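Visitor: here are the coordinates; sequence isn't available:
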């Protein structure tokens, strides 16, 4: 399930290509992005190929602030949000699953940030990602 896809630099990841990889999770993709587009019209989405990871990632931003990164993995997709320690209390007080809270609490630090990754397996994962968006937007 962790195998990265979209590794061909010359093949731009269209929805058709993404849906061919995520299969039945297409319904979660549509639900998640419909919600984002409705609630956050100021968000910008950009697929870029990153040489360091040798794959395409979708970067979602608001002005200069990165909200999350999305990657396609075998049979689903995942979003990763990066936060500083200032987000600890908001994450602990959230309705995120205990596993996601633990991931942040004990996550590897990259300079001053740690990541929280949501794998989209069920509808509740859309809600978790939307809650992480709210936490991200609340952080200065």
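Guide: Great, that's in hand. Remember, it's a predicted structure, so these values are computed and weren't measured experimentally.

Visitor: For residue 122, give me its contacts.
Guide: Neighbouring residues of residue 122 by C-beta atoms under 8 Å, 6 or more residues apart in numbering: residue 28. Just so you know, the C-beta spots here come from the backbone N, C-alpha and C atoms, and that holds for glycine as well.

Visitor: rerun at 10 Å
Guide: Applying C-beta atoms under 10 Å, 6 or more residues apart in numbering to residue 122 gives the contacts 25, 28, 128.

Visitor: Give the burial count for the residue lying closest to the first one once chain neighbours are set aside, as a bare number.
Guide: By the measure of C-beta to C-beta, 6 or more residues apart in numbering, the closest residue to residue 25 outside its immediate chain neighbours is residue 76, 4.5 Å from it. A count of neighbours around residue 76, defined by other C-beta atoms under 10 Å, yields 19.

Visitor: what do you get for residue 10?
Guide: Neighbours of residue 10 using other C-beta under 10 Å come to 5.

Visitor: Next up, phi/psi of it, please.
Guide: Torsion angles at residue 10 (phi, psi; degrees, to the nearest 10) stand at phi -90, psi 0.

Visitor: Next up, the contacts around residue 75.
Guide: Residue 75 neighbours (C-beta under 10 Å, 6+ apart): 1, 3, 5, 21-25, 119-121.

Visitor: Give me the subset of the residues you listed lying in strands.
Guide: Judged by DSSP state E, strands contain the following of those: residue 119.

Visitor: Make a PyMOL selection of whichever of the contacts of residue 75 turn out to be buried.
Guide: Buried members of these, defined by 16 or more other C-beta atoms under 10 Å, are picked up in PyMOL with:
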select buried, resi 5+21+22+25+119+120
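
Visitor: Could you give the separation of stretch 55-64 from the chain centroid?
Guide: 10 Å (C-alpha atoms, centre = their mean, to the nearest Å).

Visitor: coming back round to it: quick one: residues contacting the residue nearest to residue 25.
Guide: Taking C-beta under 10 Å, 6+ apart as the definition, contacts of residue 76 comprise 1, 21-26, 28-29, 119-121, 125.
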